[in-house]
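Asker: below: sequence and its predicted model.
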Amino acid sequence: MAYISFQPNDYFNTKLYTGNNTSTSYTGVGFQPDWIWIKDRSQATDHTLIDAVRGVKKVIISNLTNAEGTDSSTQGLNSFDSDGFTLGTNSNVGSTNNTGDNYVAWNWRASNTTAVSNTDGSITSTVSANTTSGFSIVTYTGTGANATVGHGLVGVAPKMILFKNLNTATDWDVYHGSLANTERIHLDTTGAKNTATHAFNSTSPTTSVFSVGTADNTNKSSSPMIAYCFAEKKGFSRFSSFVGTGSSDGPFLYCGFKPAFIIIKNVDDGSKNWVMLDNKRPSTGQNPADDILFPNTSGAESSSQTDRLVDFVSNGVKIRATSLQMNGSGDTHIFMAFAEEPIVSSNGVPATAR
């Protein structure tokens with residue numbers, strides 16, 4: 001049985017809220033987040049990604065190539081709080097609190113302390129790392145030459161890394177352990193995996209560093225870069241792949257936990273969106289999980305699917321979709337997933353299906 005000595009919702013949690021266009025503290029996250037990913041479910045607006053290392057007024061957008069934006073007003077995110085976060089009125093960079101709109105905020109906890117300098121790599125990085133949950137936020141300045149960067153996840157190698165150049169309009173590069181280290185995929189597009197030996201220098205991450213090549217997306221000379229690093233933790237997170245069948249009785253993705261959140265991408269079909277699902281949408285908390293958002297588009301939440309999407313069960317995800325973006329026959333799909341409950345956790349209670 002998968003077992004962990006902590007509760008997953010102490011390190012990842014999804015918060016739903018309704019915007020009110022006034023300064024409001026949204027609580028119930030359960031911890032102080034270090035990375036918040038916010039999306040307006042009601043309207044077509046950009047995804048808003050903010051982390052504690054760059055600061056509450058620094059915004060990047062998963063569905064665009066845009067460089068980092070700065071919201072210098074009291075609008076947008078104002079603080080990371082002990083049990084959530086405080087928002088002002090609509091952000092100048094991306095709407096996060098429009099009156100009457102329904103929002104989702106996905107929250108991750110890193111170190112909750114000031115980020116520290118890391119000299120493990122040839123490039124010195126600034127890192128906020130949580131070795132318990134296997135998540136770190138890494139900033140560094142690119143050199144334009146093959147290099148290594150310390151990730152702070154002591155003793156374990158990342159299985160997935162999201163990279164963004166912060167001052168240049170470039171695609172997001174994604175490293176995933178189920179792909180070759182010569183391959184990348186872009187978070188902001190529908191594109192299939194592509195060969196790019198200059199992205200990660202054809203080198204897999206180690207227990208102390210990840211590698212970058214000469215690509216502008218991961219290592220442009222003199223450019224500030226961000227890397228969100230995820231190591232797999234048994235009973236809490238899973239980064240893997242599956243081959244689609246095209247059937248409503250689709251693949252079962254063993255995770256070792258009841259999922260709280262999953263992102264899936266068909267890496268062989270260059271016309272299909274990334275898909276995000278979580279355990280708070282639909283609000284009934286019942287299977288199937290069929291309220292979807294797309295990291296690579298500004299689109300509002302969609303639940304008008306002609307087929308069931310997925311079931312969240314006690315030990316993983318059952319694919320019910322027949323769509324090519326979720327279950328393309330013969331196509332490889334990668335995923336990242338986080339737990340609501342492991343099969344058995346420190347509270348001694350076995351996980352059950354939704």
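Answerer: Good, I have the coordinates.

Asker: how about low-confidence regions in the protein?
Answerer: Within the chain, the stretches with pLDDT under 70 are 1-3, 90-94, 283-285, 304-307, 344-354.

Asker: now do the strands in the stretch 251-354 of the chain.
Answerer: For the stretch 251-354 of the chain, the strands defined by DSSP state E, counting those that start in this stretch cover 252-254, 257-266, 275-278, 310-313, 316-319, 332-342.

Asker: list the contacts of the fourth one.
Answerer: Contacts of strand 310-313 with the rest of the structure, by C-beta atoms under 8 Å, 6 or more residues apart in numbering, involve 258-259, 262, 277, 279, 287-290, 317-321, 326, 340, 353-354. Bear in mind the C-beta positions are built from the backbone N, C-alpha and C, glycine included.

Asker: now the helices for this protein?
Answerer: Listed in chain order, the helices of the chain (DSSP state H) span 197-200, 216-219, 324-327.

Asker: out of the ones you listed, which one sits most buried?
Answerer: Of all these, helix 216-219 carries the top mean neighbour count, a mean of 26, counting by mean count of other C-beta atoms under 10 Å.

Asker: got the contact list for the closest residue to residue 201 other than its chain neighbours?
Answerer: What sits nearest to residue 201 in space, not counting adjacent residues and going by C-beta to C-beta, 6 or more residues apart in numbering, is residue 213, at 4.0 Å. Going by C-beta under 8 Å, 6+ apart, residue 213 touches 146, 197-202, 219.

Asker: including distance to residue 47, could those residues go into CSV?
Answerer: Below are these laid out as CSV (distance: C-beta to C-beta, whole Å):
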residue, distance to residue 47
146, 31
197, 29
198, 27
199, 22
200, 24
201, 29
202, 30
219, 24
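
Asker: among the residues you listed, which one sits closest to residue 43?
Answerer: Taking C-beta to C-beta as the measure, residue 43 lies nearest residue 199 of these, at 33.5 Å.

Asker: does the closest one touch residue 185 like I think?
Answerer: No: judged on C-beta atoms under 8 Å, residue 199 makes no contact with residue 185 at a distance of 10.1 Å.

Asker: how about the strands of the stretch 251-354 of the chain, which one is nearest residue 191?
Answerer: strand 257-266 (9.7 Å).

Asker: tell me what angle that closest one forms with strand 332-342.
Answerer: Angle, strand 257-266 to strand 332-342, by axes from the mean of the first three to the mean of the last three C-alpha atoms, to 10 degrees: 160 degrees.

Asker: what touches both of residue 199 and residue 185?
Answerer: residue 173.

Asker: okay, and the beta partners of the spatially closest residue to residue 29 that is not a sequence neighbour?
Answerer: Using C-beta to C-beta, 6+ apart and skipping residues adjacent in sequence, the residue nearest residue 29 is residue 84, 4.2 Å away. Applying DSSP bridges to residue 84 gives these bridge partners: residue 27, residue 81.
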